[in-house]
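Asks: This is the structure alone, sequence omitted:
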């Protein structure tokens, strides 16, 4: 099965079919994509199972998407929330 790409902040990211957006970003070396409000600490994948809210992103204009739960689709436009 052939892979595809999503776009993260203008950067093409390779994806294996069935992979979550969080897994694809992690595989591409992107470990954090937002910071905490109070101290500006980096956040990305933490629990990886949808319990926490550290991995929030905007996907195709929908904000507050958990990257660890959303399976990537060809052409997804992803930006930090």
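Replies: Received, thanks. Being a predicted model, the structure only gives us computed values, none of them experimental.
Asks: Just give me the neighbour total for residue 46.
Replies: Residue 46 has 13 neighbours, counted by other C-beta atoms under 10 Å. Where C-beta positions appear, they are placed from N, C-alpha and C, glycine not excepted.
Asks: again with residue 25
Replies: 26.
Asks: Could you look up the SS state of it?
Replies: helix (DSSP: H, G, I helix; E, B strand; the rest coil).
Asks: the strands in the chain, which residues?
Replies: 4-8, 11-15, 32-35, 42-44, 56-59, 62-66, 77-80 (DSSP state E).
Asks: mind giving me CSV with those and columns for mean pLDDT?
Replies: Converted to CSV, the strands of the chain look like this (pLDDT from 0 to 100):
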stretch, mean pLDDT
strand 4-8, 98
strand 11-15, 98
strand 32-35, 94
strand 42-44, 94
strand 56-59, 97
strand 62-66, 97
strand 77-80, 97
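Asks: For residue 40, see how far away residue 48 is.
Replies: 23 Å (C-beta to C-beta, to the nearest Å).
Asks: Name the residue in the two with the higher neighbour count.
Replies: When residue 48 and residue 40 are compared for neighbours, residue 48 comes out ahead with 17 against 7, by other C-beta under 10 Å.
Asks: Show me what counts as buried in stretch 62-80.
Replies: 65-68, 70, 72, 76, 78 (16 or more other C-beta atoms under 10 Å).
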